[in-house]
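Chemist: Quick one, what's the 3D model for this:
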Amino acid sequence: MERGVVTLNKYFLSIYPFFKCNYRCSYCYLTNEDLSSDKKLEIKRLKVFAKNFNKEASNVVVEILGGEPLLFPKYIKRIVDLLRRECKNLKVKISTNGSIMNSKIVKLLREFDEVQIS
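Modeler: Model prediction:
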């Protein structure tokens, strides 16, 4: 490696599986229509992307955002399991408003490398 040159093979990916949220924060950039929508990212589309992305990348950081991702914990668990299965050297983060806490959510949050509560 050339002296003074730093090379990072790190990829950052933000996934918005849906925009639905249980809050209506005044600073949020999403519209009321977005925040109420039941439309979700199709798992099969994410799987195709993850397989292709894995061929090209290592040292990947994926952040799951929303809306409020923890409104659908089983769906988020499927996404995390898929990403961990398909991608090598993966760090998975989640950003949540922290309003939904119970034993199942806490168990799910343990599967993340980083949890951000806003």
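Chemist: So which residues of this structure form helices?
Modeler: Using DSSP state H, the helices found in the chain span residues 32-36, 43-56, 73-86, 103-109.
Chemist: okay, now residue 27: neighbour count?
Modeler: Here the count is done by other Cβ atoms under 10 Å, and residue 27 has 5 residues near it. C-beta: built from backbone N, CA, C; applies to glycine.
Chemist: do the same with the one 3 residues further on
Modeler: As a burial measure, residue 30 scores 17 neighbours (other Cβ under 10 Å).
Chemist: sorry, back to before: need the winner for burial among the helices of the chain.
Modeler: helix 73-86 (a mean of 16; mean count of other Cβ atoms under 10 Å).
Chemist: now the angle between helix 43-56 and that one, please.
Modeler: Angle of helix 73-86 versus helix 43-56, following axes from the mean of the first three to the mean of the last three Cα atoms, to 10 degrees, is 30 degrees.
Chemist: For helix 73-86, which helices and strands make contact with it?
Modeler: Packing partners of helix 73-86 (3 or more Cβ pairs under 8 Å, 6 or more residues apart in numbering; DSSP states H and E): helix 43-56, strand 60-64, strand 90-96, helix 103-109.
Chemist: Might you calculate how far the last one sits from the centre of the chain?
Modeler: What it means is helix 103-109. Chain-centre distance of helix 103-109: 15 Å, with Cα atoms, centre = their mean, to the nearest Å.
Chemist: same check, this time on the longest one
Modeler: With Cα atoms, centre = their mean as the basis, the distance from the averaged C-alpha position of helix 43-56 to the chain average is 14 Å.
Chemist: Which secondary structure elements does that helix sit against?
Modeler: Looks like helix 43-56 contacts strand 11-15, helix 73-86 (3+ Cβ pairs under 8 Å, 6+ apart).
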